[in-house]
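In: pasting a predicted model and its sequence here:
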Amino acid sequence: MGFLRKIAERMASFWGVLHRVFPERQFLIRDHGRVHCFTLGTVHQLGVVGVIAGCVLWALLATAAYVDKSITLANRESEIDRQVSELNGMKGEYQAAFSRLDEFKGTFNRITCEVSDIQDSLLKIAQRNAEPAKRNPNDMPKLNPDAGNGCSPGALPQNVAGVRPAAAAPSGPDTDHIVGSLPAPGSEREALKQKVDELQEGLEKLKASHGAFLEHSADITASRYGTLAKTLARVGVDAQSLVEAEAERQMRQPGQSEAYGRGGPFVAAHNPGNNSMLATPVALFNDRAARLDNLTLALKAVPLAEPLQDYEVTSPFGARNDPINSMSGIHEGVDLGAPMGTPVTATGDGRVVFAGWGDRYGNLIEIDHGMGLHTRYAHLSRVLVSVGDRVTRGKPIGLLGETGRTTGPHLHYEVRVDGDPTNPMKFITAGQDVLKNQ
């Protein structure tokens, strides 16, 4: 009883404080000569204060949520801009690299053409001077300047400026033999030989620079391949298997005619880890570029994209309490919440193997991406594809709904590898890195 009495005394004291802070107030309102009296008690005042405080608190929370969402959206836009900038930078680097490669090729062809022109000129001079009869060098007939092979003669010495080549000539030691056999004056032979030596020296330097450039490009290509391979390994996908599958797919492209034969000498394929057969920088670059191209093409079929443009993960992959019967169970996919009717898109290229009612799944779509990869999209309100359709990444295949065993509108999304369910968020996370580096 003493304890209850103390509680009562404290409540009475607290009420007295409230009564002093919010005393009873009367309001007089005069209306057409009549006076109306309104009394506002302590309880009413507490109610008004509570309502005002609730409104202020709601306004503060709403403002904080709006600011937080604005910051999140700004960060996401900033990340997207950064990724776009990185992608544009990589494209620019590769375009610049291939522009340099074209410049190397043009310079290489020009120097080769010039060497060929001078060697051809030496052959013509040798033929003109090979007669046994002695003649004055000033009486040698002039060659037709329009009989060239399309190459520019370059900066030839003044005493042979009127000579133009007619066909390509052998290089190297043959040139020395021709120059040594000329009965022309020594200064003319030495000038021509010096010009040939200078051009050949420049050609060797250009070959070395071109080879170093190709080796650097091959290293960059191998680095990109390694980055993609490591990212795919995190979700249990072997990059080399993708490359081999893509190469095999290209070999059996539909529509190729079998009316004509195929053949040629057998050359054993080299081990990708052994570059001993890639004797030249060109072969090394071509091999690594081909592997990267095949991997890039094969990645189109791997389900790395997001099935919804904007969503909220309402139930993750793995063990959970069932939302309907509250029993422990296994969730073989992820639930992605979004408004009813939101377009659902394919996460990778593939073929539709199921499209219709799937019992507890409701309206269900299943896509075979090859290489043992399947994706499922469940609880759809509408199916937009049919069995056998070929779909590409990003193509709308259905609309989000709440059909089947569900408590509300959402997308149940599954990724299966060789029939076993795998956490789809691993593929989505890996896709953010892979698609950025493509």
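Out: Happy to help now that I have it.
In: and the helices in the stretch 51-200 of the chain?
Out: 173-181, 186-233 (DSSP state H, counting those that start in this stretch).
In: can you add mean pLDDT and mean neighbour count and give those helices back as JSON lines?
Out: The way it works is simple: take the backbone N, C-alpha and C, and place the C-beta from them, glycine included. Putting the helices of the stretch 51-200 of the chain into JSON lines (pLDDT from 0 to 100; neighbours: other C-beta atoms under 10 Å) gives the following:
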{"stretch": "helix 173-181", "mean pLDDT": "48", "mean neighbour count": "15"}
{"stretch": "helix 186-233", "mean pLDDT": "73", "mean neighbour count": "16"}
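In: residue 316: which of those is closest?
Out: Among the helices of the stretch 51-200 of the chain, the nearest to residue 316 by C-beta to C-beta is helix 186-233 (21.3 Å).
In: burial measure for the closest residue to residue 363 other than its chain neighbours, as a count.
Out: Nearest non-adjacent residue to residue 363, counting by C-beta to C-beta, 6 or more residues apart in numbering: residue 380, 4.0 Å away. Counted by other C-beta atoms under 10 Å, the residues lying close to residue 380 total 25.
In: and residue 380, which of the three is it?
Out: strand (DSSP: H, G, I helix; E, B strand; the rest coil).
In: wait, doesn't residue 424 sit right on residue 416?
Out: No. Using C-beta atoms under 8 Å, residue 424 is not in contact with residue 416; the gap is 9.7 Å.
In: pretty sure residue 407 contacts residue 323?
Out: Yes. Contact between residue 407 and residue 323 holds when scored by C-beta under 8 Å: they sit 5.2 Å apart.
In: gap between residue 230 and residue 90?
Out: 17 Å (C-beta to C-beta, to the nearest Å).
In: where along the stretch 251-400 of the chain do the helices fall?
Out: Counting by DSSP H, counting those that start in this stretch, the helices of the stretch 251-400 of the chain are 281-299.
In: quick one, strands of it?
Out: With DSSP state E, counting those that start in this stretch as the criterion, the stretch 251-400 of the chain has strands at 312-315, 318-321, 328-331, 334-337, 343-345, 350-357, 363-370, 373-383, 390-391, 396-400.
In: output those strands in CSV, with mean pLDDT appended to each entry.
Out: Shown next, in CSV, are the strands of the stretch 251-400 of the chain (pLDDT from 0 to 100):
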stretch, mean pLDDT
strand 312-315, 92
strand 318-321, 84
strand 328-331, 85
strand 334-337, 94
strand 343-345, 96
strand 350-357, 95
strand 363-370, 94
strand 373-383, 95
strand 390-391, 95
strand 396-400, 96
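In: wait, which of those is closest to residue 7?
Out: Comparing those under C-beta to C-beta, the one sitting nearest is strand 318-321, at 40.5 Å.
In: and that closest one, what does it pack onto?
Out: On a contact count with 3 or more C-beta pairs under 8 Å, 6 or more residues apart in numbering; DSSP states H and E, strand 318-321 meets strand 328-331.
In: returning to that earlier point: nearest to residue 86 among the helices of the stretch 51-200 of the chain would be which one?
Out: Here helix 186-233 is closest among these (C-beta to C-beta), at 12.7 Å.
In: who does that closest one touch, helix- and strand-wise?
Out: helix 42-128, helix 173-181, helix 239-251, helix 281-299, helix 424-437.
In: as a markdown table, the ones you listed with distance to residue 2 would be great.
Out: Formatted as a markdown table, the helices and strands packed on helix 186-233 follow (distance: least, C-beta to C-beta, whole Å):
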| stretch | distance to residue 2 |
| --- | --- |
| helix 42-128 | 29 |
| helix 173-181 | 123 |
| helix 239-251 | 80 |
| helix 281-299 | 79 |
| helix 424-437 | 61 |
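In: which residues are in contact with residue 375?
Out: Taking C-beta atoms under 8 Å, 6 or more residues apart in numbering, we find residue 375 in contact with 303, 307, 346-348, 350, 366-367, 369, 413-416, 424.
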